[in-house]
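Asks: attaching a predicted model along with its sequence, questions to come.
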Amino acid sequence: MVTEKVGRTRQCRLGAERLDEAMTWIGFYQRLWERRLDGLDAFLTLQKGTRP
């Protein structure tokens with residue numbers, strides 16, 4: 001991370017390698033939640049189909 005003071009504010013920039021790490025972490029949890037939500041959808045669809 002690079003921080004630079006410009007006037008009364010600070011500008012921060014992330015290097016590409018840090019963004020790659022973040023994307024790996026985000027991708028892991030995205031896949032995890034997609035599987036969980038797909039499972040919930042399948043369960044709810046099954047439940048809706050079995051109601052009288």
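Replies: Cool, the structure landed.

Asks: how about the CA coordinates for the lowest-mean-pLDDT helix or strand in the chain, as PDB?
Replies: Lowest on mean pLDDT, DSSP states H and E among the helices and strands of the chain sits strand 2-6, with a mean of 87. As requested, the backbone C-alpha atoms of strand 2-6 are provided in PDB (Å, rounded to 0.1, in the frame of the first residue of the first chain):
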ATOM      1  CA  VAL A   2       1.300   3.400  -0.900                       C
ATOM      2  CA  THR A   3       0.000   6.400   1.000                       C
ATOM      3  CA  GLU A   4       0.600  10.000  -0.100                       C
ATOM      4  CA  LYS A   5      -0.400  13.200   1.600                       C
ATOM      5  CA  VAL A   6      -1.900  15.700  -0.900                       C
END
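
Asks: neighbouring strands - and their directions - for that strand?
Replies: Sheet pairing of strand 2-6 (DSSP bridges) gives strand 9-13 (antiparallel).

Asks: tell me the mean pLDDT over the helix or strand that the strand it pairs with is followed by?
Replies: Using DSSP states H and E, the helix or strand that follows strand 9-13 towards the C-terminus is helix 16-50. Across helix 16-50, pLDDT averages out at 92.
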